[in-house]
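Colleague: How does the following fold in three dimensions:
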Amino acid sequence: MNSFTFFSPTRVIFGKDAELNAAREIKACGGTKVMVVYGGGSVVKSGLLDKITRQLDDEGIPYITLGGVKPNPVVSLAREGVRQAIENGVDFVLAVGGGSVIDTAKAIAHGTANPGIDIWSFWAREVVLEKSLPVGVVLTLSAAGSEMSNSAVLTNEEARAKRGLTTDLNRPRFALLNPELTYTLPKYQIMCGIVDIMMHTLDRFFTSVLGNELTDEIAAGLLRVMIKNGPVALENPSDYHAMSEMMWCGSLSHNGLTGLGGVQDFATHQLGHELSAMFDVAHGASLSTMWGSWAKYCFPKNPERFAQYGRMVWGITEGSAEEIGMAAIDRTVAFFASIGAPTCFTELGIGVQPESVIGELSDRCVFFGKRTIGNFRVLDRDDVYKIYTMANR
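Modeller: Below you'll find the model as predicted:
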């Protein structure tokens with residue numbers, strides 16, 4: 001094992017009725033005035049929001065609510081949440097939803113703890129985040145892993161920019177995980193969740209820093225569990241076993257465990273973020289759209305690593321390293337297609353794009369020449385342009 005630092009402080013309560021612990025956990029964290037953040041009407045229609053607020057009422061914890069979070073969370077709503085939280089003296093933020101809701105809650109917590117600083121300044125790397133409010137999570141969607149992660153993603157609608165912020169201040173104090181709360185999800189959201197969970201691990205597995213045997217085994221095991229249970233969950237969202245495995249995979253895929261000792265790549269995420277920012281497509285769908293093109297472009301950098309992936313995850317043992325590695329890429333792309341995930345621009349629903357759009361996507365992805373992306377293979381603007389072109393079909 002290479003050297004690493006592992007910090008995963010989130011208290012997890014997993015299983016049926018886990019959400020009934022919300023008020024108790026908030027009190028344990030010292031919360032005295034809560035903002036409950038949620039998305040659309042599903043948590044209202046299901047009665048989950050009432051179940052949470054009744055707990056707060058019973059425990060005498062005052063609260064306010066903020067709904068309307070969209071699948072690609074926007075900074076404008078988070079700013080409104082900050083304004084309301086400051087006005088009402090909020091000292092704890094509770095997210096009831098999936099990754100977009102959780103990331104919005106994190107942004108509100110950051111802004112409330114730092115009045116006078118626009119929250120986008122943290123995502124734009126103009127100001128270093130040094131303090132925040134505690135955040136708790138009642139998870140309703142297995143996908144982003146934000147319930148245990150140190151990251152949060154926001155979209156600035158005016159700038160058409162989607163950015164991630166990585167800091168341990170993003171880590172929630174607690175996460176309440178009841179797989180039954182995911183039973184009513186649309187199949188498209190489940191599909192996107194499967195892709196996102198797998199990609200959080202793939203973007204760690206494909207690293208230039210090798211030799212971490214146990215980390216590789218954990219990553220490969222998580223991927224095998226997702227490949228086995230993801231399609232079952234998609235076919236029958238009420239299958240507790242499949243949905244519970246998927247939920248726990250989602251949390252572990254993004255708390256750092258599957259990449260210990262390595263350096264994460266996340267080029268596919270950066271490529272996908274620009275698609276989401278420009279076309280408002282679902283995050284998971286953007287990832288499956290880009291991964292095959294990224295993998296084929298980066299394959300020559302280290303065919304043996306792709307072969308290792310093929311052996312450990314897909315059980316492919318016959319052939320040369322090049323043959324096994326390419327077969328593993330093909331099997332992964334075929335798996336995405338089998339669950340209804342897009343693997344190119346046309347399948348994503350945005351159609352074949354003109355060169356001018358590919359150029360703009362490429363410029364934005366590398367921050368107009370201010371950065372490169374990736375670690376497995378470091379990618380500049382020219383590389384990014386070629387990968388987008390490969391997916392543009």
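Colleague: Check which helix or strand the residue lying closest to Tyr385 once chain neighbours are set aside maps to.
Modeller: Among residues not flanking Tyr385 along the chain, Ser362 sits closest, at 4.2 Å (Cβ to Cβ, 6 or more residues apart in numbering). For glycine as for every other residue, the C-beta is placed from the backbone atoms N, C-alpha and C. Applying DSSP states H and E as the criterion places Ser362 in helix 355-365.
Colleague: His269 now?
Modeller: Counting by DSSP H and E, His269 is part of helix 267-279.
Colleague: just Val36 next, same as before
Modeller: Following DSSP H and E, one finds Val36 within strand 34-38.
Colleague: Assign a three-state SS to the residue nearest to Gly211 when sequence neighbours are not counted, would you?
Modeller: Residue nearest to Gly211 in three dimensions, not counting chain neighbours: Asn2, with 6.4 Å by Cβ to Cβ, 6+ apart. Classification of Asn2 by DSSP: H, G, I helix; E, B strand; the rest coil places it in coil.
Colleague: The most centrally placed residue in the chain: what's it in contact with?
Modeller: By Cα atoms, centre = their mean, the chain has its centre lying nearest to Ala144, at 2.8 Å. By Cβ atoms under 8 Å, 6 or more residues apart in numbering, the contact list for Ala144 reads 98-100, 102-103, 196, 250, 254, 283.
Colleague: one more time with 7 Å, if that's ok
Modeller: Residues near Ala144 by Cβ atoms under 7 Å, 6 or more residues apart in numbering: 98-99, 196, 254.
Colleague: how about those in TSV, adding neighbour count, pLDDT and distance to Asn156?
Modeller: As requested, the contacts of Ala144 are exported to TSV (neighbours: other Cβ atoms under 10 Å; pLDDT from 0 to 100; distance: Cβ to Cβ, whole Å):
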residue	neighbour count	pLDDT	distance to Asn156
Gly98	27	97	20
Gly99	30	97	18
Asp196	28	98	21
His254	27	97	22
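Colleague: Can you tell me which of those is nearest Thr167?
Modeller: Nearest to Thr167, judged by Cβ to Cβ, of those is His254 at 14.2 Å.
Colleague: picking up where we left off before, so which of the contacts of Ala144 comes closest to Leu154?
Modeller: Closest approach between the contacts of Ala144 and Leu154, by Cβ to Cβ: Gly99, at 11.5 Å.
Colleague: Distance-wise, check that closest one relative to Pro73.
Modeller: Gly99 sits 8 Å away from Pro73, going by Cβ to Cβ, to the nearest Å.
Colleague: And Thr184, by the same measure?
Modeller: In terms of Cβ to Cβ, Thr184 sits 21 Å off from Pro73.
Colleague: Compare those two and say which one has the larger neighbour count.
Modeller: Per other Cβ atoms under 10 Å, whichever of Thr184 and Pro73 has more neighbours is Pro73, with 25 against 13.
Colleague: The more buried one contacts Ser100, correct?
Modeller: Yes: using Cβ atoms under 7 Å as the test, Pro73 is close enough to Ser100 to be in contact (4.3 Å).
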